[in-house]
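> One predicted model, sequence on top.
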Amino acid sequence: MKPAELFDKDLLEKLSVREVGYSELSEPLSYDKFLEWVDKGNHDPLGYLADHRKELRSDLKNYYPDFQSALVFAFDYSDIKKSLDNFYETDASNGLKISSYVFGFEGQDYHIELRERMNLILETLKGKYPEISSSYTLDMHPVLERDLAFKSGLGWFGKNSMLINRKFGSFFMIGSLLLDKRLDLDALQVETDHCGNCTACVDACPTDAIDVENRTIISKQCISTWTIELFDEAPAIRGHAESGSGEIFGCDICQDVCPWNIKQLEKSPGQPLKGESTHLLKSFFLERPIDQVEQELEGLSNKGFIRKFKGTALERTGRKGLLKNIKLFSL
Ligand code: B12
Ligand code: SF4
Ligand code: SF4
């Protein structure tokens with residue numbers, strides 16, 4: 001049986017799970033590449049990748065000692081990405097851009113929303129395996145998640161370091177259930193490289209943040225690092241900001257140009273942007289003159305900002321972080 005066949009098709013669709021992978025290997029296949037990356041300082045300024053959590057990533061058992069297997073889920077948001085791109089092309093857009101994953105799950109922070117979806121999946125699994133225990137990993141845990149998804153058969157490492165699936169590209173998030181039992185499943189085949197001679201992502205990255213030889217990112221040059229994680233100004237990306245491309249939270253550029261995504265988005269019918277938080281984020285940041293956005297942010301207190309955007313991905317960056325981004329990136 002394939003991993004996805006464990007679950008009802010309609011349930012997976014409702015939860016936007018596009019594919020399910022499975023692996024029994026607790027050690028990552030590319031830990032050496034991760035170490036090399038940290039040794040070169042390419043994690044900098046993201047200290048959490050180089051402290052005691054660096055070693056934790058060497059084996060899933062360091063994080064979940066009872067590990068026997070993992071079910072790995074690809075939560076697809078490409079339909080929403082398509083609708084967002086359509087919006088950016090209209091006159092209603094003020095030119096600022098927020099990464100599509102922010103809107104992908106009804107505007108809710110995916111750390112919260114996908115956790116809930118994985119709980120629902122776990123309930124179903126417990127219906128079949130009442131004795132099973134589990135932990136989960138979703139972004140902030142000390143796990144090389146792309147590696148886990150790679151060895152579970154969900155895709156290959158693109159030159160932009162994204163995990164890419166041949167059927168649905170790279171606009172998906174990875175969430176995994178780590179289990180204390182092995183399941184009787186036919187694992188998917190580990191995917192081979194399908195980048196070929198393409199270098200579209202490397203050519204498009206405005207800040208030369210892609211180390212193409214190693215298929216990794218130089219974090220301090222990546223727009224995503226500076227606009228999501230940090231409050232300081234971003235010397236490395238000032239030039240890009242002056243070009244007016246408008247990313248104020250995260251960056252999708254190296255995925256937008258990827259032929260595997262273009263193919264997927266051409267097929268996608270799009271999906272209406274859904275959820276109260278989505279509409280709040282869109283109307284606050286993307287649909288009115290930029291000076292009004294700045295003024296309103298300046299007028300809010302930090303607490304007021306948190307109250308307003310609670311439960312969205314932007315809560316993490318906060319009022320000051322966003323003001324810094326808008327000042328730097330506004331057209
Ligand atoms: C730190 C981090 C960042 C940092 C650093 C990015 C980076 N590429 O490392 C910053 C803030 C820049 C970032 C940005 C983004 N991130 Co991020 N991030 C992470 C996090 C927390 C850790 C990543 C990590 O360990 N990096 C270390 C480097 C060395 O790993 P790596 O880049 O994957 O490199 C691997 C390949 O090079 C591979 N490799 C290369 N060649 C070969 C050859 C073979 C044969 C093999 C086996 C392996 C291999 O080995 C390396 C180690 O595994 C993960 C969640 C997690 N816990 O894993 C999310 C995660 C990677 N991010 C994610 C997302 C969505 C993004 C953004 C798209 C968000 C946005 N729109 O702005 C951007 C994309 C930027 C980019 N092109 O990578 C998703 C990726 C989903 C996917 N389909 O791949 C993850 C998995 C979160 C999740 N749970 O879904 N992120
Ligand atoms: S996310 Fe943006 S800045 Fe970072 S590597 Fe991709 S294109 Fe470059
Ligand atoms: S743009 Fe080209 S090189 Fe980059 S990840 Fe996609 S297929 Fe690979």
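Thanks, I have the structure now. Ligands and ions are numbered 1, 2, ... in the order given.

> In contact with Ser161, which residues?
146, 210, 215-217 (C-beta atoms under 8 Å, 6 or more residues apart in numbering). To be clear about C-beta, it is placed using only N, CA and C from the backbone, and glycine gets the same treatment.

> Kindly report the residues of the chain close to ligand 3.
For the chain, the residues in contact with ligand 3 (C-beta under 6 Å from any ligand atom) are 158-160, 164, 195, 198-201, 257-260.

> Give me the buried subset of those.
Buried subset of these (neighbour count, 16 or more other C-beta atoms under 10 Å): 158-160, 164, 195, 200-201, 257-258, 260.

> number of nearby residues for the closest residue to ligand 1 within the stretch 151-300 of the chain?
Nearest residue of the stretch 151-300 of the chain to ligand 1: Gly250, at 3.0 Å (C-beta to the nearest ligand atom). Neighbours of Gly250 under the rule other C-beta atoms under 10 Å: 21.

> Surely Asn261 is in a helix?
Yes: Asn261 forms part of a helix when assessed by DSSP: H, G, I helix; E, B strand; the rest coil.

> Quick one: residues contacting it.
Contacts of Asn261 (C-beta under 8 Å, 6+ apart): 78, 169-171, 255.

> re the thing from before, can I get the contacts of Ser161 in JSON lines with distance to ligand 1 and pLDDT?
Below are these laid out as JSON lines (distance: C-beta to the nearest ligand atom, whole Å; pLDDT from 0 to 100):
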{"residue": "Arg146", "distance to ligand 1": "4", "pLDDT": "98"}
{"residue": "Ile210", "distance to ligand 1": "7", "pLDDT": "97"}
{"residue": "Arg215", "distance to ligand 1": "4", "pLDDT": "97"}
{"residue": "Thr216", "distance to ligand 1": "4", "pLDDT": "98"}
{"residue": "Ile217", "distance to ligand 1": "4", "pLDDT": "98"}
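
> ranking these by neighbours, who comes first?
Result: Ile210 is most packed of those (other C-beta under 10 Å), 24 neighbours.

> Can you flag which of the buried ones among the residues of the chain next to ligand 3 belong to helices?
200-201, 260 (DSSP state H).

> for those residues, which one is nearest ligand 2?
Cys201 (6.8 Å).
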